[in-house]
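Asks: Need coordinates for the below:
(one chain, ligands or ions: 1)
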Amino acid sequence: MAVVLDPQLLEILACPCDEHAPLRLGTPSDPTADALTCTSCGRSFPVVDGIPVLLLDDAFREPTAPAPEGSGAP
Ligand SMILES: [Zn+2]
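Replies: Sure, this is the predicted structure:
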């Protein structure tokens, strides 16, 4: 089931990574997942009972996530 978060709440939330980038709903492969994904570092954070768990220790990365652009790959 998709996460339902107040858009205003989503607006003030930021990833705990160094970029403090905004988050978006879902994961790259599943926009309806109960998770929030950083738009910068690509970490995904679980949403438990409607509460985003923005802890780097609890963050996960999708194994299928594409490599970031500009990584220098030939
Ligand atoms: Zn981040």
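Asks: Ramachandran coordinates for residue 57?
Replies: The phi and psi values for residue 57, taken as degrees, to the nearest 10, are phi -70, psi -30.
Asks: export stretch 33-42 as PDB, just CAs?
Replies: Written as PDB, here are the backbone C-alpha positions of stretch 33-42 (Å, rounded to 0.1, in the frame of the first residue of the first chain):
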ATOM      1  CA  ALA A  33       6.500   1.200  -1.500                       C
ATOM      2  CA  ASP A  34       6.200   2.200   2.100                       C
ATOM      3  CA  ALA A  35       9.500   4.100   1.900                       C
ATOM      4  CA  LEU A  36      11.000   7.500   1.200                       C
ATOM      5  CA  THR A  37      14.000   7.800  -1.100                       C
ATOM      6  CA  CYS A  38      16.600  10.500  -1.100                       C
ATOM      7  CA  THR A  39      16.800  12.500  -4.300                       C
ATOM      8  CA  SER A  40      20.600  12.900  -3.900                       C
ATOM      9  CA  CYS A  41      22.200   9.800  -2.300                       C
ATOM     10  CA  GLY A  42      19.500   7.300  -3.300                       C
END
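Asks: so, in contact with the ion or not, it?
Replies: Yes: applying CB under 5 Å from the ion, one finds stretch 33-42 in contact with the ion at 38, 40-41. (C-beta placed from N, C-alpha, C; glycine too.)
Asks: List the buried residues of that stretch.
Replies: Residues 33-38, 40-42 are the ones in stretch 33-42 that count as buried (16 or more other CB atoms under 10 Å).
Asks: Among those residues, give me the pair with the biggest separation.
Replies: Farthest pair in the buried residues of stretch 33-42 (CB to CB) is 34 and 40. Separation: 20.9 Å.
Asks: before we move on, back to that, can you tell me which of the residues of stretch 33-42 next to the ion end up in helices?
Replies: Members of the residues of stretch 33-42 next to the ion lying in helices (criterion: DSSP state H): none.
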